[in-house]
Every structure is written in C-alpha cells, then in structure tokens.
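Peer 1: model the structure of this input:
(chains A, B, C and D)
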Protein chains: 4
Amino acid sequence: MAANTWGELFRVTTFGESHGPAIGAIIDGCPPGLALSEADIQPFLDKRRPGQSRYTTARREADQVQILSGVFEGRTTGTPIGLLIHNTDQRSQDYGSIKDQFRPGHADYTYAHKYGERDYRGGGRSSARETAMRVAAGAVAQLYLAQRLGITFRAAITQIGPHHADPTAASFDWLRVPNSPLFCGDSDCETAAAEYLKQLLKEGDSVGARVRLEVLGVPVGLGEPVFDRLDADLAKALMSINAVKAVSIGDGFAVAAQRGSEHRDALTPAGFSSNHAGGVLGGIATGQPLIADVAFKPTSSITQPGITIDKNGNACEIVTRGRHDPCVGIRGVPVVEAMAALVIMDHWLRHRAQNADVKHSLPTIG
Amino acid sequence: MAANTWGELFRVTTFGESHGPAIGAIIDGCPPGLALSEADIQPFLDKRRPGQSRYTTARREADQVQILSGVFEGRTTGTPIGLLIHNTDQRSQDYGSIKDQFRPGHADYTYAHKYGERDYRGGGRSSARETAMRVAAGAVAQLYLAQRLGITFRAAITQIGPHHADPTAASFDWLRVPNSPLFCGDSDCETAAAEYLKQLLKEGDSVGARVRLEVLGVPVGLGEPVFDRLDADLAKALMSINAVKAVSIGDGFAVAAQRGSEHRDALTPAGFSSNHAGGVLGGIATGQPLIADVAFKPTSSITQPGITIDKNGNACEIVTRGRHDPCVGIRGVPVVEAMAALVIMDHWLRHRAQNADVKHSLPTIG
Amino acid sequence: MAANTWGELFRVTTFGESHGPAIGAIIDGCPPGLALSEADIQPFLDKRRPGQSRYTTARREADQVQILSGVFEGRTTGTPIGLLIHNTDQRSQDYGSIKDQFRPGHADYTYAHKYGERDYRGGGRSSARETAMRVAAGAVAQLYLAQRLGITFRAAITQIGPHHADPTAASFDWLRVPNSPLFCGDSDCETAAAEYLKQLLKEGDSVGARVRLEVLGVPVGLGEPVFDRLDADLAKALMSINAVKAVSIGDGFAVAAQRGSEHRDALTPAGFSSNHAGGVLGGIATGQPLIADVAFKPTSSITQPGITIDKNGNACEIVTRGRHDPCVGIRGVPVVEAMAALVIMDHWLRHRAQNADVKHSLPTIG
Amino acid sequence: MAANTWGELFRVTTFGESHGPAIGAIIDGCPPGLALSEADIQPFLDKRRPGQSRYTTARREADQVQILSGVFEGRTTGTPIGLLIHNTDQRSQDYGSIKDQFRPGHADYTYAHKYGERDYRGGGRSSARETAMRVAAGAVAQLYLAQRLGITFRAAITQIGPHHADPTAASFDWLRVPNSPLFCGDSDCETAAAEYLKQLLKEGDSVGARVRLEVLGVPVGLGEPVFDRLDADLAKALMSINAVKAVSIGDGFAVAAQRGSEHRDALTPAGFSSNHAGGVLGGIATGQPLIADVAFKPTSSITQPGITIDKNGNACEIVTRGRHDPCVGIRGVPVVEAMAALVIMDHWLRHRAQNADVKHSLPTIG
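Peer 2: Just a heads-up that it's a prediction; the model follows:
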C-alpha cells in the first residue's frame, strides 16, 4: 500500500518532484556487508543523466547522489540507506505559462482529478525525473547481485520509430551498447535512427521506442508462484516506468500464433533446446536468460502546438517549451535495467526467506 | 509478501492444488452491506468451468462455491469472506506415470528446484485450476463495482493461431461474446477458429490466443502514481495468469513506431479525441475505457510426445495424458475479467482511503 | 493492510464466525519439507478446546482440523496450507434474544458502528472462537521452530483474581502446567483458584487472569530494529488476543521505579548476569529467554444481569445465557504460546532474508 | 516487511544514524489539501529536542526540519512528503573508546550479532535520535486529525522512580503538562521528582518512568478486528519506542484481579457508565477517551562504570561518557503522542477505505 515503494524485502521508497529542492530514496532491507560508496552508484546515474547527447533533454543536472545513512566504514550496515540528489537546474519559469492547462499525453488532467492539488512545475511528481532514484536504488541491487550471485543486467534499444535492431541477429553487439549514444547494439540501426531523430527535432516531434532486456545468471528456482510470479512482478516493474505501454516475456505476443509443439522448450541433459518461455515457467526462473521487451510511447511534450482544455473546461492551444527528449525510450534503458534489478533482488531475499534450508540433488541444466 | 495474495485493501488469498480435496480463498476487506449469495458468484464460475464445450478440457468439475463466512442474512458484514470449492473429479491415477519427469512448458522443473518438494498430481499448485478462486473472488469485486460505481468488465478472444478478430471493427459484436463457445465477438473468426481447433485436437496439438480486455466506467482519477500505477498493477495481474506472456495497454507495442504528434490524445470540451493511451495517463485513469491486450501461450500438455529429462537428469520421452484444453486462452477470458476487477476494486479502496475528502470543480470530459 | 492476516513472511490469514458453518486459515510462506499431518496439529487445538474442564465453557466442539492443501506425502510443499474446522455445536437459538441489544464489555456496539452490519450470533467474528485458528497455525510454527532451531514456548497462569503464582519461585513447576486444568505451575495457587472459580460460577460472575510467557532458545540477533522490534511485534500479537489488556516484557512496569545501575544486565564471558530486559535489547533478541506477561480481562458474558442499551438507544437489562468460561485467561494460555510462535517464526524468516550471508566471529554468551 | 516503516496507508519510513550527516523520513499517503509548512512541524520537534532543561541530554541539536517534497503552495499534494533534519552536533570522538565493547543495556551486542556490522557511534541506528523523525511525522498526523476530525493527543509523566502522579486525581492538571520541564501534571510530584533527578545526576545514575497517554475525540467504530485491533497496533507502536518495556490499555494489569461484574462498562443512553476498557472493545474504538500507560526503562548510559565484554569475549569495565538523559521517559512523552497519532491516522484511512459508504442510524453514546 505504498504507491511510492517498490519491493517487499528490498524496499525502495522514493520522494521528490521535478522542480522541488531535492529528490530522494530510502532503501530498507539491503543486506549488511556490501561494499558501497557514492562513487559506486554514480556511474549508473550518469548513464541516465540528461544532457548526455543531442538526443536527450538539454536539462543539465549534475545528479550527484549523496548517501546519508546505512553505510559505515565503506560497507552497508543493514540499516536503511538514505539517498539524496539535489535538483540543481530547476528553471521553474519555463512552466508557469501552462499551469492552468492540461498537457495532452501527460498526467496533468489525471493528477488534478485524483488529488485536487497539482504541482504543475515540470510535471511535479509525474515527471520522469523520479526515475533517477530508481536508477540509484537499482545500482545498489545490481552491485549486490553481481558480486554475490553473478547475476547481470543488460538492456538495449531495439526499435526507434521505423528503425529496428534484432537482438538475436549476428549484427547485434551487446558490447557496443554502453558506448552507443542511443544504447543500440546494431550500428546500422543506430545510424539510421540518429538521422531520424535529427529530423524529428527539426519538426518539433518525438517518437516511441522498443527496448530489449536480458538478465543473465538468474538461478533456477528463483521467483514465486501464483500472484507474485517473477514475470508478473517484472511486468509491473517495467510497466511502472514513465511512458511504458507494453511488456512481454520470451516470445511475447507471438505466442498467440504458436502451437504447443512449437512453443514448449524441450529439456535435455545438455540444457533447454530453446527459450521461447523467456526464462520463466510457472512464475519461477528456469536458469536460462530472462528475456523481456518493453515499448515506450513517444514523448508527449513536443514543440508542435497541441489541442487541450484548461482547468475551467475551455478549449485552448498549448505549446510546451521546457526541455525534452525526442525519444524518452533512450534514457529509459538504464531505468529498465534498474527496475529489473529491483525485482530480482527482492525475489532473491524472498526466495531465501522461505527456502534457505531446501536441500535436493535434482539436475540443473539451465 | 504473500505470493498467494492479491491486493492491499481488497485482499484475496487463495490455496489449493489441482488434485487436493479442495481449493479456497479468503477475501479480506470487502465493504459491508453488499448483497451476496453463492448464486451471485456461481455464474462467473460457470463461465470458466471446464467441460463446457469440446474446445475445453473434458475434466468435469461442478465447481460449486460455498460461502463459509463474512455474509450474514444475505449481506457482507465486512469480515473475511471464506470461499470453498471441493475438487470432485481428481483422477490422480492419470498423472502417476510422470511423477519423476519434468513436463516441458510446465512448472515441474522450476517448482522442484525452488521447493525441493513437488505435488506432481496435475501440476499441483501450478495448475490453472487455481484460477477458479480468482474468478470467484473477482465475481465479488465485479458485483460491488457494477452496483456501486457502474464499472463493467468485458473480455473476448481476438486471436487463435492464424485467426484474428478486430475488436474495433464493425463486425465485432460484444453482445455475442458471452454466448460464443470461444468467447469471440466475430462470427467469421469463431467459425474458422473452431475448425482450426478441431484439427489441432486430431493432431494432438494446441495453440495460443490473444484476448482483449475493456473496462468501462472507470472514474477519472482512479489509480496511483509511480510504482503502483493502475496500468502497472493491471500488467502484473494479467501476467500472473497461467500461460500469459505479454500485456499491453492502449496502442501497446505499436507506440514504438508512433510519433508524439500522432500518439497524444487531445483533450476537448466534448471529450478526448482518441484513446491511444488506453484510458490511463501517469498511472491514473482518464475516465475513458481502460483497454488492454493479453497473449496466452499454447497449452503445454499435448498428446504429441515430448522430449525432456527425469529427476535423475536422464533424457526421456514424455507423453501427457490427462485432460487438457487445446487453447487455454479461451477459458482465460473470465480470468482476465476477474483479475481486472480485483485490480480496480483494490485501487478504488486505496483511492478513497487517501482522497475521500478531495473537493474540486475541475471539468470532467471522460 | 489485512486485519485478518498475521505476519509478513509466515502469513496467517483467518476467517470464520462463531456460529457460521466453519472457521479456517491459510498459512502462506511455510518452508517446504516440514513433516506435517493433522495429527501433529490436533494436540495444540485440544489444549485450547472448550469443554475440557468445569472451568471452561460447556460448548462442545470437536475442533477437528483438516489440512486442505500445502502438504503432500506427509511434508509441506511450500505452497499455502489451507486449514479448516467445521463448527459442530452452533446452537444459534441461544443468542436470538439479544440480537437488538449491545452486550456490555463485548464488541457488539463497536462492530455495529464500524460496519453497519453485525452477525449477532455468539459475537460473530469477534468471538474468541476465532483464536482456534491462531492455535492451529501457531502449531505449525511451533513444530518448525522446535525441529529446526530448538526454540520452545511455554505459558502458564500466574494470577486468577486474588490468587498469585510466582513463576520465579521454587514452588513453581513448569512441568506440571500442561496437566493442570488451570495451566498453573503452583499447586497451592491452583487449589485456591479452583475454589475461587467454583464460587464465581455460583455467583454468575467471572474474573481476570495474568499469564506468563517464556520462549527458550531464541538465537541472539533475531528481531528487527525501529518499528518492527521483536518485543513490539510480540506486544501487538499478544494484545490482539481477545480480552488482553496489558503486555509487558522482562521487568515490565516495574522498570519505572528502577535505576539504570540496577536495571542494566551486565555481560560476562559466562553469560548475562541477569535478565531484567526479558531477552531483548533494541528490539533484537539477546539469546536469553524471552519473557513476557499478559493480563486478560474477566469474561464479559456473565449470568448476572447487566445494564445496556438497544439499537434504538433505549436503556434495557441484558441477560447473557449461552455458554461461557468464568475465566477466559485459562484457555488463553495456548493462544499466547501460538501468537508468540507466529511472531518468532515470521521474524526468523525475515531475519534470514536479509542476513543469511552474515559471517562473523563475535562471542555468543546467551 | 519494512522494519523502518510504520503504517499501511499513512506510511512513515525513516532513516538515519545518531552520528551520520542527517536523519530523514518519507510520509507516503498523506491526504492532499492539508495546510503544511516547516513552521507547523517545528513546535512538535522542539518539545522533544535535547538540551531543553537540565534533566535532558546536553546534546544541542537545532533539529530544524526541512520539507523536501509533497507540499506545493502551502498544501500537501498527496505525493510523498520528504522530511530531513541535519545532524549538527555529532562529536563522534566521544564514542571511539567504546567501539570494541558492548554497552550493557544497549543494543550493541544484539546489532553486532544480527548484522555482523555495527555503527558504534552513539548507538548508530539504535539511538533514540531516530525518534525525532517519528515526532516530525507524527506532527503531520496530529495536524490532520485535529483539523479534520477533532482528535487530540496528550501524554504526561505519571511516575519517575518512587514519585507518582495520578492522572485521575484532582491535583493532576493536564494544562500544566506542556509547560512542565518534566511533562508532569502534578506539581508536588514534579517538585519531588526534580529533586530526585538532581541527586541521580550527582550519583551518575538514571531512573525509569511511567507515561499516561490519552486520545480524545476518537470516533466510535474506528479500528480493525482480529490481528490489527486498534489497541494491538497501539501496543506495538508504543512498545517500538526506545526503552519502553510495558504497555497497557484502560485498567491494564489490574484487570487480572477484577470480576466481570466490576469490569464491564455499562452502556446507558447518557453514555458509558465507566471506562475500564480504555476506549476500545474488540479492537474498535467505543468513542470514549483512549487510555494507555507505558513504562520506560532507565537510561542505560550512566557514568557509573559497568561490567561487560568486548568483541573478543573478554571481560572489561565500561565507562560511558557521551551526553545522556537521567530519565529518557521525559523526552519520550512527545514520542508517545506521535506514535499514537500515527496509529490513529493509519486506522482512519483504513477505516474509510472499507467503510466509507456505511450508513446506519444506530445510537452514538460515546
């Protein structure tokens, strides 16, 4: 019952508005003994940070994270980790002109109705700025999972508008993703998409994107049954990211056209013969890579004028100035990794709570 | 932290295995004063019940629900509602031959690894039989929401293998869905799909499906921000249904190819000009219909032999007998409606907890 | 957010009214691999069962528990354990005459105001009958904790009206408690209290009681900080038992008169020099016995007429017939043990979720 | 599952150590539209602040609270309220000498065992400094409850060592409590206790205390049944305060000696005839004042040397320097009020979630 908290055992609670003095988070439940400093978290934030390339918003935030508690002499103590990022570039004057209008495609109309009050500066709480704290908290989870369990996370752009990259193709190189300004693994796709984005910027428009997520090293047996399946929690985590409109696991919507004889992955002593399932069966990890795809809608804030109403119900034209990305999906890539890490971390703690004393000699083929 | 509980304020906790003596649920948090009897719930269960047509499993369960508590003199009292369904047709002898093998596409291998113990009879807890209690609990939510808020739920098959029905086409009739053996709104699609399923049964194979969900009458402002967005919770709820591999909201994966100028729905005094968003912005309902699509994978239990390993790690062939649906998506339709109702019901109670005293005079264009 | 659920990781959800067809519970989160049958749980229920002696209610319930799920081939599977007890002796005619009156000392008036609806038969949900399911669920926790961790629970009557037993005195024998009809460890106190209860029955009156709880074998380090301290959760668990009005840990209210030099328990290589703290410091177990005391109020249902109002607000006299205990504290003894077991079990799972990989070589003096 | 979070719907999550850079809290779930500024919260913190009189620790903290989010143009927006207090007087050199020893009566030994890591500076997370954030969050709850529902909170010292004040006596004046340096309502008791505390300071010793809490204006029907009773949650909340060892409701432990004919409070058209129950029946408020008593143990940090062991298990003498209160119960008074406010606030939101549409015409005699 906490809209602003993720997780049951590795709990991340965030606060902060786009144009308030600071955003922050509390991580409650991090195991003690993890080496952790601000310098360990910062690279994850830098990856998401605005102003990195011409394809992301010109807003320039240092996004320097501070650890306020929960770490002593370089290691986590098991007490809550307080994280804080000051907002340094707020320019709230950009937004004053639209305070009485509801921006189409944004949460202005829905927040106003829900709460009766609304911080109109840059979207307030509904701004994607909130995802910075997801990335900071996800960094802690990624550090723990990599060091203790060898679990790693990678995400990449696989579509921007009409331009596609196939993550299973030979031309797709995961190693180039971290250095790609579009987080794209295919150089042809990246080149074409970059041209496309330049054109969009000229036209004052934006575009959607598709992102592929892969989690490697998930141990077989991780996950929960029934309502809290690993894939269900992953679906929620990814759908909770600003602008995401679709989530699929493994073969996704293509399964509607598949036959059982084609879809089911055979088990052999040498491993699964395929991974149509995307690494999860009955909500629990098979030990294969966990595969998901996500769709981001196009940025709603564009410089082309839009049609809307004001708070008195009158029709009006709206022009969003501010600073925005032509394709929010790009900066969504590290957020996708972060949310996946929060899901896996929480499930790991839940799993060992119940099953730490399970002993068996079953074959592991993952 | 309860894999077998859905919801925070309208909490549904279920138990039961495919071949145990009974399955059951407790609903905790139902508002008092709702008229409720077993006869009110039974029609929802009958819709999902196996043995309804040749296209669903031949297992014959009466699925008669009993209310054990929480209702007095025909109305809910606000105390927990205990629901029970006895398993009447268990035939556990069907399954004994596969107790040492892991059925491909099923949760056998993952459950065995997670728990070290496994009830191999018909999938045990991982069987879709568990969804009967979702439907029973969802029925209570649907009754409340319809009577108190005028919110209604409808779902339909829109794809079975190569056969598609377009829910936005003139040929699609929502009124025919409840009486269609395939829960399909398009008679041509239904006829073709029925032929296709007959052929699959002959071949001992199965097929996936796509289901459209629509929720009508959701009030603007319903939902939560950040992690517990209405669409995020809906994504989890739907992905938690057995065999579901993908969930999308509004235009779904198509948004990756859309431009901002095309996607954003304009607000006008007469209403939204379109519904690309699928009825939710920033995680909170716009008042338009809530639109989602779901993909079900093909049934993994087919009579064609499969390749797998046994619990000693040896390769073996597996033949599933038992009784199964050629297309689990069909019986998934009422489960989709039920899960959506659980999501909306829980969000309604959460919403009024925080916002019951909100007063404003904003325009409503839903 | 579930008034009818106890616990985060070993979750117990109960349902059922005094005069409904059945009461039941779901345990979600029990570790797999625990040997469990109905015969293992039944002795715990028998201890609490009404009709055991002349000092407890004459209501005769077999209280035979059924396991409906979660156990396969004699061991828990990690899936939810469904428990059911049919109500066999309901006699609802006893209660019809008071359906329009609010019994003093009972929850009639408060439930009616909260819910607008009320099952007036025997107190409905507010009846102490509900505690039978706590005992059944607590039995599972006690079995696990005894077998896996060597943690044991014992509670005894230490006061009934003017008659006291000192649990630290030489005359107090814990071994006689299970066979004492009053669960009393001091034979003199038992004799005197038994006489006193006979007199009360003649007078149509009732009396309160005090219960001592001791938990032995709690490992040092178990518990949580800040809000979910082990003693805080224990206080809630015990205060949640019908008729309990006070809970104390260690020296309890006496600490208000103590000096720091007297209260603080010295640590020595041979162990703590005393246990004023009652086995917990900062919310976390010291490894010493966990000591708590609880006060039960006298049964409110007595045959002496009482003064009250009816649902129209008119003054009236009320005579409770039904069947009741002269001292509910007696049958509260196994409920105290059960609730303590639920607390320890839940904390054990929480503890290992976060701290399973903690390694250190600190001295243990517990 | 969040040891550092209180509440389900009005959720308060805190972080921070005694000697870290800052302590903070997030309130998630505060209703929108409440007038709120830092100046509204500060008086509550000032009441608890150290250095207020010679009877509380000499540590001088400004304890200036900052609101970082959730408030816009002077009113809460319904989004999370971030609160921060910088630690200005840390003097960590005071504590270095005891970093390898376990202070008796403190959580040093238990935290070290639980986490394997320990911030030894001033108790780290286990310091009572943490309660400042409870007071800040409780202030928001108290403001809401007073303005919207007319519910008010008051607590007072009723015992310090051998000196008692009877809150029901004519000599007890609630109006003098806020201005009393000992938060005491009886001037004779205050004078005697003040002398006693001076003597203790000379002797380098400390003493326990008893605190009475009263909540006025609680509406009949507020609370939950079974596990989450209002009194059970209150017991947990109060027992979770540092140094609290006992909690009672209404007549408390005295009920063990009472008869049913004496204890049960008669209902009359003019109101309840007495309040032995302390304002709650079956876990739900009767509308009478909610009455609770709490015992605080004496401060464990005293200047008299103590006996303990070090982290290698060797016996040693320990001398605590630092700055400490001779009687922590005094500064516990505003914390008791704060925790009660968090309980009532959370129950209010839970209550209206389920029961907002309850209609009845029952008599209210509160």
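
Peer 1: so A:Ile307 versus chain B, what's the distance?
Peer 2: Counting by C-beta to the nearest C-beta, to the nearest Å, the gap from A:Ile307 to chain B is 4 Å. Yep, even glycine has a C-beta here, placed from its N, CA and C like the rest.

Peer 1: er, A:Thr88 I mean
Peer 2: Look at A:Thr88 and chain B: by C-beta to the nearest C-beta, they are 22 Å apart.

Peer 1: run a quick neighbour tally on that residue.
Peer 2: A:Thr88 is flanked by 13 other residues according to other C-beta atoms under 10 Å in any protein chain shown.

Peer 1: one more: A:Ala169?
Peer 2: Residues near A:Ala169, counting by other C-beta under 10 Å, number 12.

Peer 1: tell me the pLDDT of it.
Peer 2: Predicted confidence (pLDDT) at A:Ala169: the value is 96.

Peer 1: residues in contact with the residue lying closest to it once chain neighbours are set aside?
Peer 2: Spatially, and ignoring its direct neighbours in sequence, A:Ala169 is nearest to A:Asp186 (7.3 Å; C-beta to C-beta, 6 or more residues apart in numbering or on different chains). For A:Asp186, the contacting residues are A:165-166, A:169, A:171-173, by C-beta atoms under 8 Å, 6 or more residues apart in numbering or on different chains.

Peer 1: contact residues of the stretch 51-200 of chain A facing chain C?
Peer 2: Neighbours of chain C within the stretch 51-200 of chain A, by C-beta under 8 Å from any C-beta of the partner chain: A:78-79, A:148.

Peer 1: ok, of those residues, which come out buried?
Peer 2: Neighbour-count burial (16 or more other C-beta atoms under 10 Å in any protein chain shown) applied to these gives A:78-79.

Peer 1: take the residues of the stretch 51-200 of chain A next to chain C and keep only those in strands.
Peer 2: Within these, no residue falls in strands by DSSP state E.

Peer 1: picking up where we left off before, let me see the backbone angles for the residue nearest to A:Ala169.
Peer 2: When read as degrees, to the nearest 10, the backbone of A:Asp186 gives phi -120, psi 120.

Peer 1: chain C versus that one, what's the distance?
Peer 2: 40 Å.

Peer 1: about what we covered before: make a markdown table from the contacts of A:Asp186 and add secondary structure to it.
Peer 2: As requested, the contacts of A:Asp186 are exported to a markdown table (DSSP: H, G, I helix; E, B strand; the rest coil):
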| residue | secondary structure |
| --- | --- |
| A:Ala165 | coil |
| A:Asp166 | coil |
| A:Ala169 | coil |
| A:Ser171 | coil |
| A:Phe172 | coil |
| A:Asp173 | coil |
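
Peer 1: and the top helix by length along chain A, anywhere near chain C?
Peer 2: Assignment by DSSP state H gives helix A:328-355 as the longest helix of chain A. Yes - using C-beta under 8 Å from any C-beta, we find that helix A:328-355 touches chain C at A:349-350, A:352-355.

Peer 1: now those residues in JSON lines, please, with extra columns for pLDDT, distance to D:Glu203 and neighbour count.
Peer 2: Converted to JSON lines, the residues of helix A:328-355 next to chain C look like this (pLDDT from 0 to 100; distance: C-beta to C-beta, whole Å; neighbours: other C-beta atoms under 10 Å in any protein chain shown):
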{"residue": "A:Leu349", "pLDDT": "98", "distance to D:Glu203": "47", "neighbour count": "25"}
{"residue": "A:Arg350", "pLDDT": "98", "distance to D:Glu203": "51", "neighbour count": "26"}
{"residue": "A:Arg352", "pLDDT": "97", "distance to D:Glu203": "49", "neighbour count": "19"}
{"residue": "A:Ala353", "pLDDT": "97", "distance to D:Glu203": "47", "neighbour count": "26"}
{"residue": "A:Gln354", "pLDDT": "96", "distance to D:Glu203": "51", "neighbour count": "24"}
{"residue": "A:Asn355", "pLDDT": "96", "distance to D:Glu203": "54", "neighbour count": "18"}
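
Peer 1: and chain D, which of these reach it?
Peer 2: Here nothing survives when the residues of helix A:328-355 next to chain C are matched to chain D using C-beta under 8 Å from any C-beta.

Peer 1: please convert the residues you listed to a markdown table, extending it with distance to C:Pro298.
Peer 2: A markdown table is the format used below for the residues of helix A:328-355 next to chain C (distance: C-beta to C-beta, whole Å):
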| residue | distance to C:Pro298 |
| --- | --- |
| A:Leu349 | 45 |
| A:Arg350 | 43 |
| A:Arg352 | 46 |
| A:Ala353 | 41 |
| A:Gln354 | 41 |
| A:Asn355 | 45 |
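
Peer 1: what about A:Ala35, how many neighbours?
Peer 2: Neighbour tally, A:Ala35, other C-beta under 10 Å: 12.

Peer 1: tell me how far it lies from D:Pro269.
Peer 2: 69 Å (C-beta to C-beta, to the nearest Å).

Peer 1: any idea how far B:Ile318 is from A:Asp188?
Peer 2: Using C-beta to C-beta, we find A:Asp188 at a distance of 43 Å from B:Ile318.

Peer 1: likewise for A:Ala155?
Peer 2: Between A:Ala155 and B:Ile318 the computed distance is 36 Å (C-beta to C-beta).

Peer 1: one more: A:Glu224?
Peer 2: The gap separating A:Glu224 from B:Ile318 is 26 Å, by C-beta to C-beta.

Peer 1: okay, the two: which has more neighbours?
Peer 2: Each of A:Glu224 and B:Ile318 has its neighbours counted (other C-beta under 10 Å); A:Glu224 has more, 26 against 21.

Peer 1: A:Ser273: neighbour count?
Peer 2: Using other C-beta under 10 Å: A:Ser273 sits among 13 other residues.

Peer 1: likewise A:Lys198?
Peer 2: Neighbours of A:Lys198 under the rule other C-beta under 10 Å: 13.

Peer 1: and the helix or strand hosting it, what does it pack onto?
Peer 2: When secondary structure is defined by DSSP states H and E, A:Lys198 falls within helix A:187-203. Contact analysis of helix A:187-203 by 3 or more C-beta pairs under 8 Å, 6 or more residues apart in numbering or on different chains; DSSP states H and E lists strand A:152-160, strand A:163-164 as its packing neighbours.
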